[in-house]
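Enquirer: next come a sequence and a model predicted from it.
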Amino acid sequence: MGSDKSLAALTQHGQNSLKATRRKLEAALSRLVHGNPRRVKKGSKITAAAVAVEADVDRATLYRFHEPILVQIRKINDTAPRTQLKAHRSELAEAEAKLKEYRKLVEEAQAEVAALARINYRLDLRIHELETQLQVRDARIADYQKQMRAPATLQKVVTLPNAGDGETLS
């Protein structure tokens, strides 16, 4: 009977030890998932070895007696790339939307530049036209001023004898 009690006590101790180890492993896994580990480097990949070190448990113990923890680790590592992929796809979609918006802005700016270039060309033509008119006007003014400064000359009007239609010679 004494050995039965010893065996029961030993079995109970083993179960309690197993439960305590499981709690340590779960707490370690939780700390790693939430990014606040105590024993491993922050940002470390979540692996069985990292969880074992964080929980201060032998890795062999984790592999032998705690398969549910290993399953959780695998699930985390399987979903992490998917989550990252979703995040990257979301970022990519945002970047593509911004790119589309920027392209539209560039096209609008290019259209505005082309319109301004056409206006500038027309204004250059008008400036050239007005400069030509000014040159002609300035030349006429100079001629008129020259004529006004010249001494007045008498012009003799000669009537031609054969001219019945009033032809005159100056």
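Expert: Looks like it arrived, so ask away.

Enquirer: where in this structure is pLDDT low?
Expert: 1-2, 80, 153-170 (pLDDT under 70).

Enquirer: can you give me the strands in it?
Expert: Taking DSSP state E, the strands of the chain run over residues 158-159, 168-169.

Enquirer: which residues touch T21?
Expert: Applying CB atoms under 8 Å, 6 or more residues apart in numbering, one finds that T21 lies in contact with A55, V57, T61, F65, H66. Where C-beta positions appear, they are placed from N, C-alpha and C, glycine not excepted.

Enquirer: and the second one, what is it in contact with?
Expert: Contact criterion CB under 8 Å, 6+ apart gives T21, K24, L25, A28 as the residues in contact with V57.

Enquirer: quick check: phi and psi on it?
Expert: phi -130, psi 150 (degrees, to the nearest 10).

Enquirer: gap between it and N16?
Expert: 15 Å (CB to CB, to the nearest Å).

Enquirer: could you do the fourth one as well?
Expert: Applying CB to CB, one obtains 13 Å for the distance of F65 from N16.

Enquirer: and if you look at the last one?
Expert: Remark: distance between H66 and N16 (CB to CB) = 15 Å.

Enquirer: more neighbours, these two?
Expert: Using other CB atoms under 10 Å, the more surrounded residue of H66 and N16 is H66, with 22 against 10.

Enquirer: that one contacts L25, correct?
Expert: Yes - H66 lies in contact with L25 (CB atoms under 8 Å); the separation is 5.7 Å.

Enquirer: re the thing from before, max pairwise distance over the contacts of T21: which two?
Expert: Put simply, by CB to CB the two of the contacts of T21 set farthest apart are A55 and F65, 12.5 Å from each other.

Enquirer: neighbour-wise, which of those two wins?
Expert: For A55 versus F65, the count of surrounding residues by other CB under 10 Å is larger for A55: 26 against 16.

Enquirer: so that one makes contact with L32?
Expert: No - assessed by CB under 8 Å, A55 is found out of contact with L32, at 9.6 Å.

Enquirer: quick one, helices of the protein?
Expert: 2-33, 48-55, 59-65, 67-149 (DSSP state H).
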